[in-house]
Every structure is written in structure tokens, then in C-alpha cells.
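Asks: sequence unknown, structure follows:
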Ligand SMILES: Nc1ncnc2c1ncn2[C@@H]1O[C@H](COP(=O)(O)OP(=O)(O)O)[C@@H](O)[C@H]1O
Ligand SMILES: N[C@@H](CC(=O)OP(=O)(O)O)C(=O)O
């Protein structure tokens, strides 16, 4: 059994840092350090004053794009970032010295960014390394600010910059981010945090505010990990500190049975498994970066999703239901202990429903009468060439249907080129403006009839199904439907399979049986 260490890692997203910094310091960090006596490490993303699309990272990436297009006006975008951060420092940091230093550091970081971008303009190229260097500025500015705010509000804090933690000559063995790379990072993070650990050991706890940007990853952070990389950084910090819990603070109470903006009846889930969280994130519910889970679960650290605006809420815990957490001798395994969460999970069958927009279905009918050798290989070669991802696929002997996410102009251009090439292997037709609706649940495989109920419900509401697929892992049943029907589909399936009041007769029978066992246990 791993014993508790008292460390908690708290990750705050860009919009939370932008909108609620005082609440984060006074109602969260202060409460955990001073009232609950935890040792807290904070990891932040780049500030977004309103939405992520208008946030600092998006602005910095836009400046890089402008340089690629030879547009010298990128300086005006950098200027916007500068004004936003300087104004924020003036308004929110009361101590004159802290404010002055923060503004000086902010301006200096942005000067470096402008130097990189000017050099790239001359070279007429923005390398993935330059893009990472520019992007890292977002987390630097946000953490410089949050650390200053902690100190301003009486919480001793230190700014920790991880942007140069990976040596320039570091090479990934297989060209990908593998386990040895993560081990390297965890050790490097632990070394970097040594002074904080020493200070804590001497009875002088200090809150490190750590940049969620964690270095110049060999193939570029955007390519290797993608947006949302701060979640992964927080997970690696949690492993480095052997933390008792990783808390991911958002602006929602936790993970719901559906996006609460789309399905008002959605219920907050007390726990989900890492597989369920991954599926939900991949299929449209941006809950947590999928790479996050593996690292912390291996170290037996639970992840808790919590709401910055409701810090007292329990949130949702992401953890496997068959492995003991840190500090627990054995998992609450039935029939020894049948916890209420066990009953809740058994009862559900399905855990949550989600939808993913901007989907295009590509149908390819082979030229040949029978499936010729190499037909599928050729299709995937073409998709790979244009870096197109396939979310769902279904095949018959001479026909392939694929659902592809096409969320932006670049992927739309790539799809057009790929389709021209695919026409060599057969007739190709496209259907656009679609969504994938996915029902997710680890317990679903034990229930007969869930898929039937899902599709019958859609039929009852006059919703046409373009394509159906059940994931090989059996925790996801997906179908593709018209974009216009998305909300109706989510709400009707939720009401049939996920509303508290609407349990199927099968569900009711299972419940009764479980309640009987529970009574025997008591
Ligand atoms: N199943 C779900 N549970 C909770 N939130 C969901 C779900 N599906 C989609 N969402 C949406 O995901 C968003 C995540 O919260 P937010 O804190 O805004 O994200 P971020 O931290 O990435 O800025 C919310 O706006 C919420 O409506
Ligand atoms: N700043 C980065 C990293 C990140 O993780 O953001 P967030 O935690 O706000 O999703 C981005 O916008 O992608």
C-alpha cells in the first residue's frame, strides 16, 4: 500500500485563471494550505479572459500563423497579449513592488517572443520549436501572475518555469512520447521542485506555481500532445510529488451524464473510470486530456474534477473501480463491501452520452466486384498522407464508410485532396454536417438491449442514422446522425437511458436484485 504524502496538485485552466483568480487563491489554494493543511502545488494554463479561442495561447498561435503568411502585423497580436496582461496586473496586484516586478517580467517575456517571431519572418519559416517557444509564453505569463497574486494575498509562493526542462539534444527513442520519456520528465520535475520540497521539510511551506507548458518536446508539444497539454503536465507533477490527489479545476461541477448545456436533466457523476473519461473526451466532451490518466493511475493517484465556482462540491473522481487508491489496502471489491457507488454504477448500464460535431462521412464503393487485395491499405495510405483521422469505420466486402472529424479549413482542404485521390479506387461520396453521438459506459457490455434501446429511441423521434459502430472496447456505442438532430438525440436518449426517473424494466430488475444482495450484506 502506498502511504499518503499530503501533497495535492491543483490544475487551473485558462478561463478560470482569467475570470476567477482571486477565488482560486482565497477560496481554494488558501483553504487547502491553511485550513486543510495540505501541501499544494499549482499548475496553470495560459490566461483566457473570456473563451479559449480568444485566449493567450490562441493569440500566440495566430501570431505564428501570420508570420508563416509573411504578415508583419503579428506585432499587433503580441501587443494585445501585452495590454491584456499588463492591465490585469495593474487591476489585480495591490502590492506596488509585486505589481512592478510582474509588469517588468511580462514585458520582458513578450520582447523575447517578438524577437523569435521577427527572426522567423526573416527566415520565412516558423519551426515547431519556435512555435513551442512562442506558445510557452502563455503559461509563463499566467504563472508569473498567479504566483504574484498568491504572494499578494499572503500565500508564500514561487514561480516555477518548466519551459527549458528538456535538454536541446534530447531524443525520443522511437520518435514518440513513450514511457521512458515520461520517466525522464518525472525525474526532471522532481529535481526542479527540490528547493520547494526542502523548504517544506524545514516547516516553511511554499506553493510552487508551475507552468503547464513543460518544455520543448522533441516533435513539438502541439504535434506530440496537442492543446490541453497542461493536464498532462499536472499529472506528471502529481507523479513526481507522489501526490495524494490530482485536482483538475474547471467551470463545471464535474463530469455529468451529458453536457449540461445541451441536456438540462444531466446528472453529476460521483465517479467514472479512466476509460470512460477518455471516450467522453475523445467523442466531444472536453473533460480531461486523454494522456493524463495513464500516468497518475499507474501511480495510484485519483483525479478529481472540481468547480472553481463551487469549491465545496465533491466533484467527480476518475479512478479504476478495481484498483486500490493510495492509502487504501484493497479496493472496495464486491461482495466484501458493496459501496453505494458500486450500486450506482451497476444500476446505470450506460454512464454518459456525448456528441462530437463537424463530422463528414466518406463512403467508398470499390471499383471491383469483390474486395480486392490492398483496397483498405490504399484508403488508409491516402488518409495518412493527408493526416486525416478516422473516428468510426464500418465495412462490407466492397464498401467502406468512415466518419472523419473535419473541424477547420485545413482539414477540409486535406479531405478534398484525399477524396480526389480515393476516386482512383472507387466511387466516393460525402455527407457533411453530421455529428457522432456516443453512449459510453463500462458496465454496458453486461447489459443486453442498450444499443437496441438507443437506436429505437432515435427512430421514435424520426432521426435518421447515417452509420453505426460499437467500439472494440465495448464501452462505447456510437452512431452518426444529422447535425440538426443532435440536441433532440442527446435529450431523448438521455431521458430513456440516463434520467434518474427512467429506468428500463431490465434496469429495474437488476436494481431489485442488487438491493436484495445489499440487504443480505448489511
Ligand atoms: N459530460 C460532461 N460533463 C461536464 N461537462 C461537459 C460534459 N460534456 C461537455 N461538457 C462541457 O465541457 C466544458 C468544460 O468546462 P470548462 O471548465 O469550461 O473547460 P476548460 O477547463 O477546458 O476551459 C463545460 O462547458 C461543459 O458544458
Ligand atoms: N494553454 C494551452 C494549454 C491548456 O492546457 O489549456 P486549458 O487547460 O485551458 O485547456 C491551450 O490552450 O491549449
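Replies: Looks like it arrived, so ask away. From a predicted model like this one, the values you see are computed outputs, not experimental measurements. Numbers count the residues shown, from 1 in each chain. Ligands and ions are numbered 1, 2, ... in the order given.

Asks: C-alpha from now on. contacts and neighbour counts both.
Replies: Fine.

Asks: ok, the residue in the stretch 1-150 of the chain that ligand 1 sits nearest to - contacts?
Replies: Evaluated by C-alpha to the nearest ligand atom, the stretch 1-150 of the chain has residue 13 as its residue closest to ligand 1, separated by 4.6 Å. Under the criterion of C-alpha atoms under 8 Å, 6 or more residues apart in numbering, the neighbours of residue 13 are 44-47, 230, 249-250.

Asks: And for residue 24?
Replies: Residue 24 makes contacts with 17, 308, as judged by C-alpha under 8 Å, 6+ apart.

Asks: Quick check: which of the contacts of residue 13 are also close to ligand 2?
Replies: Restricting these to those near ligand 2 by C-alpha under 6 Å from any ligand atom leaves 45-46, 230.

Asks: and the residues you listed, which of them are in helices?
Replies: Using DSSP state H, the subset of the ones next to ligand 2 among the contacts of residue 13 located in helices is residue 230.

Asks: In this protein, where is pLDDT below threshold?
Replies: 1-2, 172-176, 330-348, 369-373, 471-472, 501-522 (pLDDT under 70).

Asks: domains for it, by residue range?
Replies: Domain assignment for the chain, taken from the TED database, gives 7-318, 352-514.

Asks: Just name the most buried of those domains.
Replies: Of these, the one with the most neighbours on average (mean count of other C-alpha atoms under 10 Å) is domain 7-318, at a mean of 19.

Asks: how far is that domain from where the chain is centred?
Replies: Its chain's C-alpha centre lies 12 Å from the corresponding centre of domain 7-318 when counted by C-alpha atoms, centre = their mean, to the nearest Å.

Asks: hey, where'd the strands end up in the stretch 1-150 of the chain?
Replies: Applying DSSP state E, counting those that start in this stretch to the stretch 1-150 of the chain gives strands spanning 7-12, 39-44.

Asks: Ok, which of those strands comes nearest residue 216?
Replies: Proximity to residue 216 (C-alpha to C-alpha) singles out strand 39-44 among the strands of the stretch 1-150 of the chain, at 17.4 Å.

Asks: Please name every helix or strand in contact with the lengthiest helix in the chain.
Replies: In the chain, with assignment by DSSP H, the single longest helix is helix 96-123. If contacts are counted by 3 or more C-alpha pairs under 8 Å, 6 or more residues apart in numbering; DSSP states H and E, helix 96-123 sits against helix 56-68, helix 74-92, helix 128-152.

Asks: Break down the stretch 151-300 of the chain into its helices, ranges please.
Replies: 179-192, 194-201, 221-224, 229-241, 274-282, 291-298 (DSSP state H, counting those that start in this stretch).

Asks: Turn those helices into TSV, including distance to residue 477.
Replies: TSV is the format used below for those (distance: least, C-alpha to C-alpha, whole Å):
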stretch	distance to residue 477
helix 179-192	30
helix 194-201	46
helix 221-224	28
helix 229-241	27
helix 274-282	10
helix 291-298	22
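
Asks: Same list, those, but as a markdown table with distance to ligand 1 please.
Replies: Below are those laid out as a markdown table (distance: least, C-alpha to the nearest ligand atom, whole Å):
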| stretch | distance to ligand 1 |
| --- | --- |
| helix 179-192 | 23 |
| helix 194-201 | 27 |
| helix 221-224 | 16 |
| helix 229-241 | 10 |
| helix 274-282 | 7 |
| helix 291-298 | 14 |
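
Asks: and whatever residue of the stretch 51-200 of the chain ends up closest to ligand 2, what does it touch?
Replies: Ligand 2 sits closest to residue 57 of the stretch 51-200 of the chain, with a gap of 5.0 Å, by C-alpha to the nearest ligand atom. Going by C-alpha under 8 Å, 6+ apart, residue 57 touches 46-47, 135, 138.

Asks: Need the max-distance pair from those residues.
Replies: For the contacts of residue 57, the farthest-apart pair by C-alpha to C-alpha is 47 and 135; their separation is 11.9 Å.

Asks: residue contacts, the closest residue to residue 325 other than its chain neighbours?
Replies: Nearest residue to residue 325 in three dimensions, chain neighbours excluded: residue 300, at 5.2 Å (C-alpha to C-alpha, 6 or more residues apart in numbering). Applying C-alpha under 8 Å, 6+ apart, one finds that residue 300 lies in contact with 323-326.

Asks: Residue 63 now?
Replies: Contacts for residue 63 (C-alpha under 8 Å, 6+ apart) come out as 74-75, 77-78.
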